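Engineer: 3D, please:
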Amino acid sequence: MKKIDLIKVKHEIKIGAECPDKIPNISDDCIFYEDGKPIGFFINNIEGKLKQFIDIAAKEFRSDNVPKSEMARGVSSEMMRKGIKNELSQYSTIIGSVPPKPHMRRPYPTISSVHNVPSAKTFIKAMLLACRESEELIKKILPEQFDLQQKIINENVPKEFRFGRLFTSSISNYNISAPLHRDAGNLEHCVNVIITRRKNATGGNLHVPDYDATMDSSNNSLLVYPAWRNIHGVTPIHETAPGGYRNSLIFYPLKAFKKFV
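Structural biologist: Purely as a prediction, here's the structure:
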């Protein structure tokens with residue numbers, strides 16, 4: 001894998017801004033370094049068991065077997081006032097652990113209600129198996145990160161709220177492009193895994209303004225990145241043929257469970 005040094009550049013982009021269309025400038029298998037230390041990696045085309053499990057998970061996610069929440073990302077307030085809808089249908093599903101939500105009178109963490117839906121069992125199992133395969137890739141490519149993240153999880157997350165060895169939760173998104181944000185709810189010094197399925201669509205690439213880096217979210221690509229570290233966004237998604245879509249299947253570690261250890 002090639003080495004890419006991420007060098008910070010000046011910019012005036014703020015959290016909450018819409019992520020513009022960007023042509024990817026990172027599309028080859030590589031390891032990311034900042035200040036001489038590896039912080040993540042990108043694989044253009046996953047293979048083997050990981051791909052097999054993602055094939056199953058992605059198919060189940062798009063089926064009626066898995067409950068979803070309808071979304072309206074990428075629709076401005078002005079568009080909403082005019083009754084203009086996003087050209088693509090959007091939905092999302094969370095599995096694994098859900099943090100406390102005191103504002104909803106639930107001051108304690110739970111497991112996603114999707115786990116109680118019998119028809120979603122195949123999806124959940126495939127995602128757990130894909131999570132384990134992703135963890136093995138991290139262990140192989142970034143062994144120090146694997147050891148550090150496992151230590152952080154063990155110290156901050158009760159066993160019942162762990163998803164795999166390195167994460168707490170998983171979210172699958174369909175056609176969702178995100179404005180610029182930072183995953184402030186994630187455990188620091190940990191990485192996320194983002195696996196993309198894309199068909200008859202362009203865009204949906206992860207853009208990190210701090211480095212002017214745009215990772216190519218090609219079909220079957222995998223990105224391991226510390227989402228707590230920098231602001232980032234997902235570029236607009238465009239159909240190139242009817243029925244086109246961009247799915248992202250993500251594993252991430254939340255810090256909201258520490259006081260329940």
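Engineer: So which residues of the stretch 51-200 of the chain form strands?
Structural biologist: 69-70, 91-98, 110-111, 169-174, 192-199 (DSSP state E, counting those that start in this stretch).
Engineer: outside of the first one, which residues touch it?
Structural biologist: Strand 69-70 has contacts (Cβ atoms under 8 Å, 6 or more residues apart in numbering) with 90, 91, 92, 93. Where you see a C-beta, it was placed from the backbone N, CA and C, and this is true even at glycine.
Engineer: residues contacting the last one?
Structural biologist: Which is residue 93. 61, 66, 67, 68, 69, 114, 171, 172.
Engineer: Repeat the analysis, applying 6 Å as the threshold.
Structural biologist: Applying Cβ atoms under 6 Å, 6 or more residues apart in numbering to residue 93 gives the contacts 66, 68, 172.
Engineer: Same question for residue 254.
Structural biologist: If you count contacts by Cβ under 6 Å, 6+ apart, residue 254 has them with 99, 168, 169, 185.
Engineer: Among those, find me the one that's closest to residue 256.
Structural biologist: Minimum distance to residue 256 across these is 3.4 Å, recorded for residue 99 (Cβ to Cβ).
Engineer: quick one on the thing from earlier: neighbour-wise, which of the contacts of residue 93 leads?
Structural biologist: residue 172 (25 neighbours; other Cβ atoms under 10 Å).
Engineer: Surely it is in contact with residue 61?
Structural biologist: Yes. Assessed by Cβ atoms under 6 Å, residue 172 is found in contact with residue 61 at 4.9 Å.
Engineer: picking that back up, just the buried ones from the contacts of strand 69-70, in PyMOL syntax?
Structural biologist: Applying 16 or more other Cβ atoms under 10 Å to the contacts of strand 69-70, the buried members can be selected in PyMOL as follows:
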select buried, resi 90+91+92+93
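Engineer: With distance to residue 215 as extra columns, can I get the contacts of strand 69-70 in TSV?
Structural biologist: Listed next are the contacts of strand 69-70 as TSV, based on distance: Cβ to Cβ, whole Å:
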residue	distance to residue 215
90	21
91	23
92	20
93	23
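Engineer: Pick out whichever of the contacts of strand 69-70 sits closest to residue 228.
Structural biologist: residue 92 (20.1 Å).
Engineer: wait, what's in contact with the closest one?
Structural biologist: Counting by Cβ under 6 Å, 6+ apart, residue 92 touches 69, 71, 173.
Engineer: Quick check: of those residues, which lies closest to residue 8?
Structural biologist: Nearest to residue 8 among the contacts of residue 92, with distances taken as Cβ to Cβ, is residue 173, at 27.7 Å.
Engineer: Now for that closest one, how many residues are close by?
Structural biologist: Number of residues near residue 173 (other Cβ under 10 Å) recorded here: 25.
Engineer: Contact partners for it?
Structural biologist: 92, 248.
Engineer: Now residue 202. Nearest residue, chain neighbours left out?
Structural biologist: Of all residues not flanking residue 202 in the chain, residue 238 sits nearest, at 5.1 Å (Cβ to Cβ, 6 or more residues apart in numbering).
Engineer: Tell me which helix or strand the one you found sits in.
Structural biologist: strand 237-239 (DSSP states H and E).
Engineer: model confidence over the helix or strand following that strand, on average?
Structural biologist: Counting by DSSP H and E, the next helix or strand C-terminal to strand 237-239 is strand 245-252. The pLDDT scores in strand 245-252 average 97.
Engineer: other SSEs contacting strand 245-252?
Structural biologist: Using 3 or more Cβ pairs under 6 Å, 6 or more residues apart in numbering; DSSP states H and E, the elements in contact with strand 245-252 are strand 169-174, strand 192-199.
Engineer: could you redo those strands as CSV and give each row mean pLDDT and distance to residue 140?
Structural biologist: Output for the helices and strands packed on strand 245-252, formatted as CSV (pLDDT from 0 to 100; distance: least, Cβ to Cβ, whole Å):
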stretch, mean pLDDT, distance to residue 140
strand 169-174, 97, 21
strand 192-199, 97, 14
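Engineer: So which of the ones you listed is nearest residue 33?
Structural biologist: Nearest of the helices and strands packed on strand 245-252 (Cβ to Cβ): strand 192-199, 17.8 Å.
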